[in-house]
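Engineer: sequence-free structure coming up:
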């Protein structure tokens, strides 16, 4: 009897110690981009910096291509690993609904950053208000085109909710402020530099009177800029787009690219960690957190990063 009581006493002491030990482990948060792309590097830098401040373990798992089944498989693997939180740049909206639901059912906190999945049960979206950004870009492009002419939109995947919103806002602005501008087509460049290059070459051949190209995803402007240089059409066709990839910035400096919209990617990564921690603590999280954008032109191409750092105060 005494031995039995001793065993019960020992077990009663071990249970809370085990629970406390598990709870004291660093949370594990994972960033899941749409695919391998330099755009996500500053996102992850912010993610890592916030993790260092708050004592979180983080990693990034990149699907090797911008394909929905690959992103779903990454999330399924993370569910099996029982990570604590996932931040997803959603490649698709409806296609991610089931796997996000599975992750949440498994007790994992799930948020979206950069690209939302509004039909899913993700707790929040952290990133650009994409339709508003597209609308502002459309107004700026309309002015550069003197409110007339033909334009092509390059889009890196036609199923991505964030890109569709940008295109929607861009078209709405043109329709409102420059109805004489004709959008000839929205061309899918699949998030791929090589595809964007090949399709830009085809576009220039198909539409000899083309006045402008606008890219709603990061690879479009630098790829198109290279084609315009090769065909000696820099400055003859107006080019602009989203995101500050190195080649896009070089295009702004040499005049091939008129402007780009810079998303606050570092801030997206930082806030992703903070909001996952809030979710683990049971705090209420806004459904949408707009991180804002900044227009970069030749006048501020060398100073805009300082502007962004001053604004962001972790």
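Structural biologist: Perfect, thanks for sending it. Predicted model, so just to flag it, every value in this text is computed and none were measured. Residues are numbered from 1 along each chain as shown.
Engineer: residue 130 versus the residue nearest the centre of the chain, what's the distance?
Structural biologist: Closest residue to the average C-alpha location of the chain: residue 114 at 2.8 Å, with C-alpha atoms, centre = their mean. Distance, residue 114 to residue 130, by C-beta to C-beta, to the nearest Å: 10 Å. No exception for glycine: its C-beta is placed from N, CA and C like everyone else's.
Engineer: what's the overlap in contacts for these two?
Structural biologist: residue 162 (C-beta atoms under 8 Å, 6 or more residues apart in numbering).
Engineer: coming back round to it: and the nearest residue to the residue nearest to the centre of the chain once chain neighbours are set aside, what does it touch?
Structural biologist: Distances taken as C-beta to C-beta, 6 or more residues apart in numbering put residue 89 closest to residue 114, at 4.1 Å, once the chain neighbours are dropped. By C-beta under 8 Å, 6+ apart, the contact list for residue 89 reads 32, 33, 34, 40, 43, 112, 113, 114, 115.
Engineer: average pLDDT for whatever helix or strand residue 239 lives in?
Structural biologist: If you go by DSSP states H and E, residue 239 is part of strand 238-242. Regarding strand 238-242, the rounded mean pLDDT is 98.
Engineer: what helices and strands are in contact with that strand?
Structural biologist: Counting contacts by 3 or more C-beta pairs under 8 Å, 6 or more residues apart in numbering; DSSP states H and E, strand 238-242 packs against helix 130-144, strand 212-215, helix 220-230, strand 259-263.
Engineer: rewinding a little: quick one: which of the contacts of residue 89 sit in strands?
Structural biologist: 32, 112, 113 (DSSP state E).
Engineer: top of the residues you listed by number of neighbours, please.
Structural biologist: In terms of neighbours by other C-beta atoms under 10 Å, the ones in strands among the contacts of residue 89 top out with residue 113 at 31 neighbours.
Engineer: ok, that residue touching residue 60?
Structural biologist: No - look at residue 113 against residue 60 with C-beta atoms under 8 Å: they stay out of range, at 11.9 Å.
Engineer: common neighbours of these two, please.
Structural biologist: residue 31.
Engineer: show me where the stretch 1-150 of the chain has helices.
Structural biologist: 2-23, 40-54, 68-81, 97-105, 130-144 (DSSP state H, counting those that start in this stretch).
Engineer: where does this structure have low pLDDT?
Structural biologist: Scanning the chain for pLDDT under 70 picks out the ranges 1-24, 309-314.
Engineer: mark out where each domain of it begins and ends.
Structural biologist: 26-128+265-292, 130-263 (automatic domain parsing).
Engineer: quick check: residue 221 vs residue 228, distance?
Structural biologist: Residue 221 is 10 Å from residue 228, by C-beta to C-beta.
Engineer: so which of the two has more stuff around it?
Structural biologist: residue 221 (32 against 21).
Engineer: so who does the closest residue to residue 97 other than its chain neighbours touch?
Structural biologist: Nearest non-adjacent residue to residue 97, counting by C-beta to C-beta, 6+ apart: residue 120, 4.8 Å away. The contact partners of residue 120, by C-beta under 8 Å, 6+ apart, come to 90, 93, 96, 97, 100, 101, 110, 112.
Engineer: so the second one makes contact with residue 163?
Structural biologist: No - contact status for residue 93 versus residue 163: not in contact, 11.2 Å apart, counting by C-beta under 8 Å.
Engineer: the more surrounded of these two?
Structural biologist: Comparing residue 93 with residue 163 by other C-beta under 10 Å, the one with more neighbours is residue 163, at 25 against 19.
Engineer: distance check, that one against residue 278.
Structural biologist: For residue 163, the distance to residue 278 equals 28 Å [C-beta to C-beta].
Engineer: check residue 194 too.
Structural biologist: 40 Å.
Engineer: the more surrounded of those two?
Structural biologist: The neighbour comparison of residue 194 against residue 278 (other C-beta under 10 Å) goes to residue 278, with 17 against 11.
Engineer: isn't that one right up against residue 285?
Structural biologist: Yes - if you go by C-beta under 8 Å, residue 278 and residue 285 touch, sitting 5.6 Å apart.
Engineer: residue 157 touches residue 91, doesn't it?
Structural biologist: Yes - Residue 157 is in contact with residue 91 according to C-beta under 8 Å; the separation is 6.9 Å.
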